[in-house]
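J.: give me coordinates for this.
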Amino acid sequence: MFELTLTIIIIALLFDFLNGMNDAANSIATIVATKVLSPKIAILWAAFFNFAAAFGFGVHVATTIGKGIVETAVVDNYIILSTLLGAVIWTHSCTKFGLPISVSHSLIGGLSGSAIIKAGFGSLVTGGLIKVSIFIVLSPIIGLILGVILMIIVIWLFRNSKAKTVDKKFRIGQLISSAAFSLGHGTNDAQKTMGIISILLFTNGYLGSEFYVPFWVVILSHTTIGLGTLAGGWRVIKTMGMKLTHLRPIGGFCAETAGAFVLIGTALGGIPVSTTHTITGAIMGVGMVKRLTAVKWGVAGKIIWAWVLTIPASALCSAIVYYIIKQFL
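T.: Numbering: from 1, shown residues only. This is a model prediction of the structure:
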């Protein structure tokens, strides 16, 4: 049993690594697109703040993942294993083709799909899934609205300044906003892996009678997602930072600041949202302030389709994996 538990933890960390790799685009796309930092320096910058997020934002999202999506009584090693494998398959496939999907929702979809195969729809925690589903829609909309508002405010405040002066000021500002967004990314996304590992430990009796998230799991998850960010998903970065709309430092600052507000706020509220959805909405909002045609809606449409498909596709992948595992184990 210990060997199986250890194997599943390793797979969970692989998922965490891929999460950081796919979502590296979310953390650095804007600051690379505006040429404030080179890609290599931006990756190091984001990875550091992904790890730093371990020290100050709690484990509310991890708790939601651990016991707010599927009834804990239903969960066993095989459900967790198939959840992770299904999510890894979908995430790796999308990263390979440069699609900035929600890694968070692939995990939620995978957990739901394997639980349904084992125990039916009654095994799902309806309230938790409704909360997640609502914020699939709300997080990019809130990001977009905040991006628009911040961009309008900043343009008005600097309306009499020269373009070069504005760019110089916001090159510095973007370092701060990028760091804030990476903190939000780290605290929201690393907690999904924390939740999975913690429910695995709880299921196998390593946590006692009460579910909680051990501190060593917090550190390990943040370290791994930081390493994944260091590896970088370069195709996804190109899609997010260069294909969606043209950005200057002022726009990058507004998009990252809007995204950071959403991610940190939802993390404190225990809501597992998508960093991809959030920053994409914010980038689109910033682009729309210039003119609607500044946003490349064809690229945006492909991204949205990837969002829509993520939960059902990862649920299907995990359900198939669970069925196969049960045939042989």
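J.: what residues sit buried inside stretch 216-232?
T.: Residues 217-218, 220-230, 232 are the ones in stretch 216-232 that count as buried (16 or more other CB atoms under 10 Å). C-beta: built from backbone N, CA, C; applies to glycine.
J.: and the helices in the stretch 151-300 of the chain?
T.: Listed in chain order, the helices of the stretch 151-300 of the chain (DSSP state H, counting those that start in this stretch) span 163-203, 215-231, 234-238, 249-268, 275-290, 297-328.
J.: okay if I get these as TSV plus mean pLDDT?
T.: Shown next, in TSV, are those (pLDDT from 0 to 100):
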stretch	mean pLDDT
helix 163-203	84
helix 215-231	86
helix 234-238	55
helix 249-268	87
helix 275-290	80
helix 297-328	79
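J.: which of the ones you listed sits closest to Ala73?
T.: helix 163-203 (9.5 Å; CB to CB).
J.: who does that closest one touch, helix- and strand-wise?
T.: Contacts defined by 3 or more CB pairs under 8 Å, 6 or more residues apart in numbering; DSSP states H and E place helix 163-203 against helix 2-33, helix 39-52, helix 60-67, helix 77-96, helix 103-119, helix 215-231, helix 249-268, helix 275-290.
J.: for the record, mean pLDDT for the first one?
T.: When pLDDT is averaged along helix 2-33, the result is 80.
J.: run the angle between that helix and helix 163-203 for me.
T.: Calculated by axes from the mean of the first three to the mean of the last three CA atoms, to 10 degrees, helix 2-33 forms an angle of 170 degrees with helix 163-203.
J.: what does the shortest one give?
T.: Using the same axes, to 10 degrees, the interaxial angle of helix 60-67 with respect to helix 163-203 works out to 40 degrees.
J.: what helices and strands are in contact with helix 60-67?
T.: Applying 3+ CB pairs under 8 Å, 6+ apart, one finds that helix 60-67 contacts helix 103-119, helix 163-203, helix 249-268.
J.: any idea of the mean pLDDT for that helix?
T.: Helix 60-67 shows a mean pLDDT of 78.
J.: now that helix, how far from the centre of its chain.
T.: A distance of 15 Å separates the centroid of the chain from that of helix 60-67, by CA atoms, centre = their mean, to the nearest Å.
J.: got it, and the longest one?
T.: In terms of CA atoms, centre = their mean, the centre of helix 2-33 is set 10 Å apart from its chain centre.
J.: same deal with the fifth one?
T.: Average the C-alpha atoms of helix 103-119, do the same for its chain, and the two points are 16 Å apart (CA atoms, centre = their mean).
J.: cool, thanks, talk later.
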